[in-house]
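>>> Task: produce atomic coordinates for the following.
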Amino acid sequence: MFSSKSDRRQFLRAAGVALSLPVLESVAARKSFAQQAAGPRRRMVAINIGLGLHAPNIIPTATGRDYELPTYLKLIGDLREQFTVFSGVSHPEVAGGHLSGKSFLTAAKHPNSAGFKNTISMDQLAAEQLGTATRFASLSLSSSGPGLSWSRAGVEIPAETRASRIYQKLFLAGKAEDQAAQVQRLRDGKSVLDVVLEKAKTMQKRISGRDKAKLDQYFDAVRETEKRLTKAEAWTTRPKPKVDAKQPVDVADRNRIVEQMEMMYEMMFLAIQTDSTRFLTYHFTGMNAVPIIPGVTIDYHNLSHHGKDPKKIEQLTTVESAVIEGLAGFLTKLSETTENDATLLDQTMVLFGSNLGNASSHDSKNMPMLLAGGQFRHGQHLAFDKQNNYTLANLYLSMLQNLGLEVDSFASSAGTMRGLASKV
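Numbers count the residues shown, from 1 in each chain. The predicted structure follows:
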């Protein structure tokens with residue numbers, strides 16, 4: 001159809017897609033590589049516990065620096081000076097119980113409404129501008145079901161749920177003929193974009209109003225797709241990093257959530273250690289079954305709706321302690337691994353929390369949140385008003401600026417996080 005890439009891109013512009021993509025892509029790459037040359041690599045990980053976290057076990061009663069570690073924080077107490085706990089924070093006008101998970105990293109309002117359209121997630125905004133320096137701009141992981149990452153067009157980024165496939169994606173090169181076939185598939189994908197955009201151009205002349213807005217969203221999605229295809233083709237023939245770790249064997253029993261979680265954390269660590277990506281999300285969704293954990297006899301989801309039943313809270317504490325121990329292992333490995341005279345934890349922000357403040361009542365206020373690592377002055381509990389919550393997106397803005405992005409707002413933010421200071 002087209003004799004050159006230039007012809008194809010001219011066609012995309014004519015079709016109403018404002019594609020200055022080649023220029024933007026090269027500018028972003030130059031900016032990203034220049035930033036890395038000037039200083040340490042900066043990374044971000046975001047983890048959401050979909051069935052909540054029992055607040056009394058993770059939120060300290062005292063504020064400031066001299067607080068007593070509650071049950072869960074004792075499990076990561078050795079890293080106390082490398083994390084900050086937040087309470088009294090949430091996303092304004094985000095309700096809907098479990099549906100609020102859609103807005104965990106976007107802060108998009110009313111995820112429970114019929115006409116809800118999501119916005120770009122924090123990790124994808126960072127990946128857009130800084131993701132060109134690595135093989136994968138970002139990785140979205142999940143224990144099961146949907147992930148946490150959303151594109152600028154409000155489209156969910158598919159999440160990988162199997163550790164074996166993540167390993168394969170990160171470290172297994174495949175045969176030469178397989179690589180060639182992959183390149184051809186990527187090029188075929190671009191040809192498909194040409195065809196559908198030609199049809200969309202014809203359609204554009206006959207629509208107006210709401211339909212035109214929908215078509216504009218479609219064009220946004222096409223731009224994102226073409227960008228991913230172009231980058232994927234460029235990396236296909238480059239050698240993948242080698243690691244000592246063997247490809248994991250996926251846990252067959254889905255009730256062994258601890259083993260599954262540990263595998264995912266190992267994949268996340270390897271991805272960071274090999275600089276395969278700098279932006280990762282992990283949605284630990286929970287389950288409607290009894291997890292195989294000593295002392296637990298009630299299904300996890302049921303435990304999260306404990307209704308203040310002491311026996312349920314006791315078992316819930318056992319489950320969530322195992323979840324926190326998984327985080328502790330991940331943070332410890334990052335803190336014990338160095339890169340360019342700094343630890344990986346120093347260079348990686350790890351956001352950990354839940355979209356539910358009180359899972360028992362599906363309440364999305366007072367979200368329990370913790371931030372570890374990165375270039376921040378940690379070691380404190382920042383407590384805000386439990387009745388009139390502080391905007392969590394302010395923390396997200398601080399994290400984006402910590403990555404070096406020149407942004408002055410994100411979603412519902414009204415400024416950066418009050419009380420959280422950067423080391424740089």
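>>> Tell me who's in contact with the most centrally placed residue in the chain.
Computing the C-alpha centroid of the chain and ranking residues by CA atoms, centre = their mean puts residue 281 first, at 2.6 Å. Residues near residue 281 by CB atoms under 8 Å, 6 or more residues apart in numbering: 45-48, 105, 121, 123, 138-141, 147-149, 159. C-betas here are computed from N, CA, C, even on glycine.
>>> surely residue 53 meets residue 352?
No - Residue 53 is not in contact with residue 352 according to CB atoms under 8 Å; the separation is 9.1 Å.
>>> how about the helices in the chain?
Counting by DSSP state H, one finds helices in the chain at the ranges 5-14, 21-38, 122-130, 163-171, 176-204, 210-236, 257-273, 300-304, 310-335, 393-402.
>>> related to what we said a few turns ago, nearest to residue 357, out of the contacts of residue 281: which one, please.
Within these, proximity to residue 357 (CB to CB) peaks at residue 48, which comes in at 12.8 Å.
>>> still on that earlier bit, in strands, which of the contacts of residue 281 fall?
When the contacts of residue 281 are checked against strands (DSSP state E), the matches are 45, 46, 47, 48, 139, 140, 141.
>>> Which one of these is nearest to residue 398?
The closest of these to residue 398 turns out to be residue 46 (CB to CB; 13.7 Å).
>>> That closest one pairs with what?
Residue 46 has the following beta-bridge partners by DSSP bridges: residue 281, residue 351.
>>> and the closest residue in space to residue 326 that isn't next to it in sequence, what is it in contact with?
Using CB to CB, 6 or more residues apart in numbering and skipping the chain neighbours, the partner closest in space to residue 326 is residue 261 (4.6 Å). The neighbourhood of residue 261, defined by CB under 8 Å, 6+ apart, consists of 143, 284, 323, 326.
>>> let's go with 7 Å and repeat that
Contacts for residue 261 (CB atoms under 7 Å, 6 or more residues apart in numbering) come out as 143, 284, 326.
>>> How about residue 158?
residue 140 are the contacts of residue 158 under CB under 7 Å, 6+ apart.
>>> Please report how far the residue nearest to the centre of the chain lies from residue 302.
From residue 281 across to residue 302, the span is 27 Å (CB to CB, to the nearest Å).
>>> What sits closest to residue 297 if chain neighbours are left out?
With sequence-adjacent residues excluded and distances taken as CB to CB, 6+ apart, residue 297 is closest to residue 290, at 6.4 Å.
>>> Show the pLDDT at residue 257.
According to the per-residue confidence, residue 257 scores 96 in pLDDT.
>>> same thing with residue 206?
Per-residue confidence at residue 206 stands at 67 (pLDDT).
>>> Over to the one 10 residues further on?
Predicted confidence (pLDDT) at residue 216: the value is 64.
>>> what's near enough to touch residue 344?
Taking CB under 7 Å, 6+ apart as the contact definition, residue 344 lies against 272, 273, 334, 337.
>>> phi, psi of the closest residue to the second one other than its chain neighbours?
Spatially, and ignoring its direct neighbours in sequence, residue 273 is nearest to residue 337 (6.3 Å; CB to CB, 6+ apart). Note on residue 337: backbone dihedrals following degrees, to the nearest 10 are phi -110, psi 130.
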